[in-house]
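Peer 1: with the sequence up front, the predicted model follows.
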Amino acid sequence: MPGTVRVSASILAADFARLGEEIALIEESGCDEIHFDVMDGHFVPNITFGAPVLEAIRGLTSLPVDVHMMVTEPGRFAGLFAAAGADTFTVHAEACSDLAATLADVAETGMRPGISINPATEASAVTRYVSSVPRFLVMSVEPGFGGQSLIPEVLAKIGLLRSAALRAGAEIDIAVDGGVKVENAGTVIEAGADTLISGTGLFKYKDGLAAAVRRIKGV
Ligand code: DX5
Ligand code: ZN
């Protein structure tokens, strides 16, 4: 439905020297969520930030924060990120030796669990969780770096996840992450996404972040 899409700002693309101001800008611009990319240099070939940075952000905003764990065996850190103030804790299906157990560990902390799948992972690998997991994150780039181009073929997974949820009588929030920007937001929304996660598409937008959010929501 047009106009109902949620925008999640990936702070990986923010200016870290001015993080407080960037968070204020995200709030003022009508973003619905902050996306917090944690990378471990093992599951993905890059390293970012962790719980102390989340704690600092938590003190600055009441927006929900989705922690996107690009980390091998992420369940090890569920308690740490819950204590730092994460609302959603999204783990990669490919990074968990026992996904069901990891999701149970996440749920136990009180955080909302999410499952992310890489471009090469089929939706069918995770459809069995539509009744128990409220957030699905479809990666539209290979995880590890911001600023890549969206792979359009992954968008078909949104419909597959949605029909599995409908069949199960479940409501899920489907997010798309990687290469999302004003120019392709319409395609992502038409494919059925509920939440558009964007980093460089917001922070590096020619007319500024607020204009990007407005235009994405206006599609
Ligand atoms: C990629 C991260 C994304 C990334 C998105 O591994 O998971 O969240 O920050 O950045 P853009 O929107 O620039 O592709
Ligand atoms: Zn991400």
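Peer 2: Cool, the structure landed. Ligands and ions are numbered 1, 2, ... in the order given.

Peer 1: against ligand 1, how distant is the residue in the chain sticking out farthest from the centre?
Peer 2: Computed with CA atoms, centre = their mean, the residue of the chain farthest from its C-alpha average is R167, at 24.2 Å. As defined by CB to the nearest ligand atom, to the nearest Å, R167 lies at a distance of 29 Å from ligand 1. Backbone N, C-alpha and C define where each C-beta goes, glycine included.

Peer 1: next one, pLDDT for that residue please.
Peer 2: For R167, the pLDDT comes out at 98.

Peer 1: same question, P2
Peer 2: Confidence for P2, expressed as pLDDT, is 48.

Peer 1: may I have the phi/psi pair for the closest residue to E22 other than its chain neighbours?
Peer 2: Distances taken as CB to CB, 6 or more residues apart in numbering put A14 closest to E22, at 4.1 Å, once the chain neighbours are dropped. Per-residue torsions, A14: phi -80, psi 170 (degrees, to the nearest 10).

Peer 1: ok, A14 - how many residues close by?
Peer 2: Each residue near A14 was counted by other CB atoms under 10 Å, and the total is 20.

Peer 1: before we move on, what about E94?
Peer 2: Counted with other CB under 10 Å, E94 comes out at 17.

Peer 1: can you check the pLDDT for the residue nearest to it when sequence neighbours are not counted?
Peer 2: In space, and not counting its chain neighbours, E94 is closest to N118: 5.6 Å by CB to CB, 6+ apart. We have a pLDDT of 99 for N118.
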